[in-house]
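**Student:** Let me see the structure of the following:
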Amino acid sequence: MLSKQGAIAVFVKTPGYSPLKTRLAQSVGTVRAEQFHILSAKAVAAVVQTTAKQKSVTPFWAVAEPEAVNDPLWSQFETIDQGAGGLGARLAYVQQQLLASYNFVIFLGADTPHLPVRLLNAAVEILCTNSDSPQFVIGPACDGGFYLFGSQITIDPKIWLDVPYSVEDTAKVLREQIQDLGEIHLLPELSDVDTVQELPLVARQLTAGEDWLAEQLQVLKWIQEWEARSD
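**Tutor:** Down below sits the predicted model:
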């Protein structure tokens, strides 16, 4: 039996094309917020690349701005534009596009630079299984959102549109909306970085006992240097 082929899409915005990390920028400034975004995206890309060397998955950048899909910043992977509309419409569009060619799709945000490779590998392994019911994987974020979502099936766009985003029960509502469609597997909760308050949490995790990648340790160094300047 052929193994399932998956796609991993990392959702990004492009500096110079869209405002990004606006809440973080309120505390650290726009230039440093963009620095963090780029470093964080590179760290997530390194995690995805490591998994792609071990599993049957193809990495993609899902780029928010159609005019930026060929930006050199996103040259490491193939790119796909996110389509138009709000986040729900964009998630629905990217999932529909990629599941037309792959057996499963995983969405990642670019603001969880401390995602361990082992968690992404675990999500891929779940989605590679053959089962009577569709398999879903959710990585819940500490703020109520999610840092990872994986699915073997296309979800009705109406469900994506009905989920409230950037609120404390985003992941909870998504789980409720899909619970009758298949089996949901939860990964450990992680902090994503929207504000300056999350930076120490990420730094703490990146000093814990994991085999962190060089790109992830670059994020730790950036946070430590920012904290030193702030004292």
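**Student:** Any idea how many residues pack against Lys53?
**Tutor:** 8 (other C-beta atoms under 10 Å). Every C-beta, even on glycine, is put in place using the N, C-alpha and C of the backbone.
**Student:** Assumed it was part of a helix.
**Tutor:** Yes - per DSSP: H, G, I helix; E, B strand; the rest coil, Lys53 lies within a helix segment.
**Student:** ok, now which ones touch it?
**Tutor:** For Lys53, no residue meets the contact criterion (C-beta atoms under 8 Å, 6 or more residues apart in numbering).
**Student:** Relative to Val124, how far out is it?
**Tutor:** Separation of Lys53 from Val124 (C-beta to C-beta, to the nearest Å): 12 Å.
**Student:** List the residues that contact Asn114.
**Tutor:** Let me fix one detail, which is that residue 114 is His and not Asn. Counting by C-beta under 8 Å, 6+ apart, His114 has contacts Ala43, Leu190, Ser191, Val202, Gln205, Leu206, Trp212, Gln216, Val219.
**Student:** how about the helix or strand encompassing the fourth one: buried residues?
**Tutor:** Following DSSP states H and E, the helix or strand that holds Val202 is helix 198-206. Neighbour-count burial for helix 198-206 flags Glu198, Leu199, Leu201, Val202, Ala203, Gln205, Leu206 (criterion: 16 or more other C-beta atoms under 10 Å).
**Student:** so which two of the contacts of His114 are the farthest from each other?
**Tutor:** For these, the farthest-apart pair by C-beta to C-beta is Ser191 and Trp212; their separation is 15.6 Å.
**Student:** Tell me the buried residues in the helix or strand of the chain with the lowest mean pLDDT?
**Tutor:** Using mean pLDDT, DSSP states H and E, the weakest-scoring helix or strand in the chain turns out to be helix 22-28, at a mean of 89. Within helix 22-28, the residues scored as buried using 16+ other C-beta under 10 Å are Leu24, Ala25, Val28.
**Student:** One more: stretch 142-150?
**Tutor:** Asp143, Gly145, Phe146, Tyr147, Leu148, Phe149, Gly150.
**Student:** again, but for stretch 50-68
**Tutor:** So stretch 50-68, judged by 16+ other C-beta under 10 Å, has buried residues 50-52, 55, 57-64, 68.
**Student:** which regions of this protein lie under the pLDDT threshold?
**Tutor:** For the chain, the stretches with pLDDT under 70 are 1-2, 231.
**Student:** which stretches of it form helices?
**Tutor:** 22-28, 30-54, 87-99, 117-127, 157-162, 170-178, 198-206, 214-230 (DSSP state H).
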